[in-house]
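Participant: What follows is a protein structure lacking sequence information:
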């Protein structure tokens, strides 16, 4: 077992434990913290794959996003523990079981395919390198994926404007 | 080539040990110099009893912290309360890993770069890790279960979210001209003479970045998270002993690392004309380290200087400055740098264009703000604030 495998097992285990902790903790703050741990471990997995840029972006984007989640928890949930209760809980239970089975089936399917698939191994053995440097990502974004990139930025801009319009009430213009 | 990994491992361990200890000692020196410099600025002495010129005062402070009772109040959320100081300290410590603090030293035929890890996303790593620092503040504030702490933490998080944008956008101009994210490459592409350094080419971005960094380190004039007059001590009100010391150390570490990053990005890193290539392979590396150290020290002095010069901002002023001035300036610098660099390829024109654009943007924003400001002291029946205030005076 080489160092890379040990690190992979380590990061994988941490991200799994973190993910389980997200749904196990009763308190939303602890859940949000576990989510950061999970994302951090996944950033580690990206680094192992040589995708440094994706790893850094993962931490930057999600650290910021979860910070906002934190603030929501603190300000909106009244600092108490959150629990799913009553009728909504029972309705959600059925949905949760269906979704859980679907996700489990998907996971098993992917795992089976990965075990049979030799594409990954052959790419490694032929020495084909996947380009993951920032330079390559930038070049791809502005040539091959130019249209999706621009469309995404437009969607984000529209969302931004939408939020501002929603938050800004009538007559609040002057003071 | 056979023993290369061994050399790499040993040199890395040595570098990590040196850098971490320099940071810790740097914190001590910063605490001492902050108190002495503030004394000097206010025409008093400052601590001068313990050791020569009071230099051992931080040691005495540290001993005092160690022997104080480590009090954990009953009403706190214990796991997070204990975790929070570490969450603040660790990011402050590990950011320094990608900062190049000198050119390189050749020992026994091996060239050892003076940097712990030269990764090709260096500056993104810095941004990512700094954005984690705010969790320590917010967690500590929330876990303390205290109104003042929570207010301090919320202020701090809002401030960091706002100023992080400027911090990130301010450096994009540099990245465009350097076409690399590696801090070592950014430092090497800057020449030996001051007018070749990035701070002149990207002057508005430099000002925006530095201001945002003051905000990120929670230093005056941006220390609303621990405004003493309003919030006791803000997010660390409930902390005592070494846990408080960890918050305290993290603040100074953030300052040191922030200064080092600024020196690398904007002030030419370890370059200074005439001094770089002096001496042999070992000495030139050490001299470059000395230059870097001096530049960082000068920048840290500016930190202290600003603290004792500017008063604290009001909260709305803080948000106005961040969103209405710094962010547009950083954005304009990106657009102008991109257009002018593609069309002219001249650093001089880019530099001038940046300043002109920033000037225009700031004038427009200031003009809009002046136009939108409501006229004061008019009795308005809809206005809930002015009548009571005026009535109270009369």
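Facilitator: Looks like it came in fine. All values derive from a computational prediction rather than experimental measurement.
Participant: contacts and neighbour counts: CA atoms only from here.
Facilitator: Fine.
Participant: so where's the stretch 151-300 of chain B uncertain?
Facilitator: Counting by pLDDT under 70, the stretch 151-300 of chain B contains low-confidence residues at B:227-228, B:275-282.
Participant: Please, where are all the strands along it?
Facilitator: Ranges of strands in the stretch 151-300 of chain B, per DSSP state E, counting those that start in this stretch: none exist.
Participant: interface residues of it facing chain A?
Facilitator: Contact residues (CA under 8 Å from any CA of the partner chain) of the stretch 151-300 of chain B with chain A: B:154, B:157, B:161.
Participant: so what's the closest residue to the first one other than its chain neighbours up against?
Facilitator: Excluding its sequence neighbours, the residue lying closest to residue B:154 (CA to CA, 6 or more residues apart in numbering or on different chains) is residue B:138, at 6.8 Å. With CA atoms under 8 Å, 6 or more residues apart in numbering or on different chains as the criterion, the residues that contact residue B:138 are B:150, B:153-154, B:156-157, B:235.
Participant: which SS class is residue B:138?
Facilitator: Put simply, residue B:138 is helix when judged by DSSP: H, G, I helix; E, B strand; the rest coil.
Participant: Where do the helices of chain A begin and end?
Facilitator: Assigned by DSSP state H, chain A shows helices spanning A:3-24, A:28-48, A:52-76, A:86-116, A:119-125, A:134-142, A:146-167.
Participant: could you give the mean pLDDT of the fourth one?
Facilitator: The average of the pLDDT scores along helix A:86-116 is 80.
Participant: Surely residue B:105 is in a strand?
Facilitator: Yes - counting by three-state DSSP, residue B:105 is located in a strand.
Participant: check contacts around it.
Facilitator: Contact analysis of residue B:105 by CA under 8 Å, 6+ apart lists B:111-114, B:281-286.
Participant: Dig out what it forms beta bridges with.
Facilitator: Listed beta-bridge partners, residue B:105: residue B:112 (assigned using DSSP bridges).
Participant: per-residue confidence at it?
Facilitator: 74.
Participant: ditto for residue A:12
Facilitator: Looking at residue A:12, its pLDDT stands at 90.
Participant: One more: residue A:154?
Facilitator: 90.
Participant: what's the neighbour count on it?
Facilitator: The criterion is other CA atoms under 10 Å in any protein chain shown. On that basis, residue A:154 has 12 neighbouring residues.
Participant: Break down the stretch 201-350 of chain B into its helices, ranges please.
Facilitator: If you assign secondary structure with DSSP state H, counting those that start in this stretch, the helices in the stretch 201-350 of chain B sit at B:203-216, B:228-231, B:241-266, B:281-307, B:315-320, B:327-344, B:347-372.
Participant: Now mean neighbour count too, for the ones you listed, in TSV please.
Facilitator: Listed next are the helices of the stretch 201-350 of chain B as TSV, based on neighbours: other CA atoms under 10 Å in any protein chain shown:
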stretch	mean neighbour count
helix B:203-216	23
helix B:228-231	13
helix B:241-266	23
helix B:281-307	19
helix B:315-320	14
helix B:327-344	20
helix B:347-372	16
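Participant: can I get those in JSON lines with distance to residue A:160?
Facilitator: Converted to JSON lines, the helices of the stretch 201-350 of chain B look like this (distance: least, CA to CA, whole Å):
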{"stretch": "helix B:203-216", "distance to residue A:160": "23"}
{"stretch": "helix B:228-231", "distance to residue A:160": "33"}
{"stretch": "helix B:241-266", "distance to residue A:160": "31"}
{"stretch": "helix B:281-307", "distance to residue A:160": "35"}
{"stretch": "helix B:315-320", "distance to residue A:160": "18"}
{"stretch": "helix B:327-344", "distance to residue A:160": "16"}
{"stretch": "helix B:347-372", "distance to residue A:160": "20"}
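Participant: Ok, which of the ones you listed comes nearest residue B:36?
Facilitator: Proximity of those to residue B:36 was assessed by CA to CA; the nearest stretch is helix B:281-307, lying at 10.2 Å.
Participant: what's the distance between the closest residue to residue A:141 other than its chain neighbours and residue A:139?
Facilitator: Distances taken as CA to CA, 6+ apart place residue A:149 nearest to residue A:141, at 6.5 Å, with adjacent residues excluded. From residue A:149 over to residue A:139 the distance is 12 Å, taken as CA to CA, to the nearest Å.
Participant: returning to what we had before: is it correct that the residue nearest to residue A:141 is in contact with residue A:143?
Facilitator: No - at 9.7 Å, residue A:149 does not count as touching residue A:143 under the criterion of CA atoms under 8 Å.
Participant: which secondary structure element contains the closest residue to chain A within chain B?
Facilitator: Here chain B gets closest to chain A at one residue, residue B:128, 4.6 Å apart by CA to the nearest CA. Per DSSP states H and E: residue B:128 is located in helix B:122-143.
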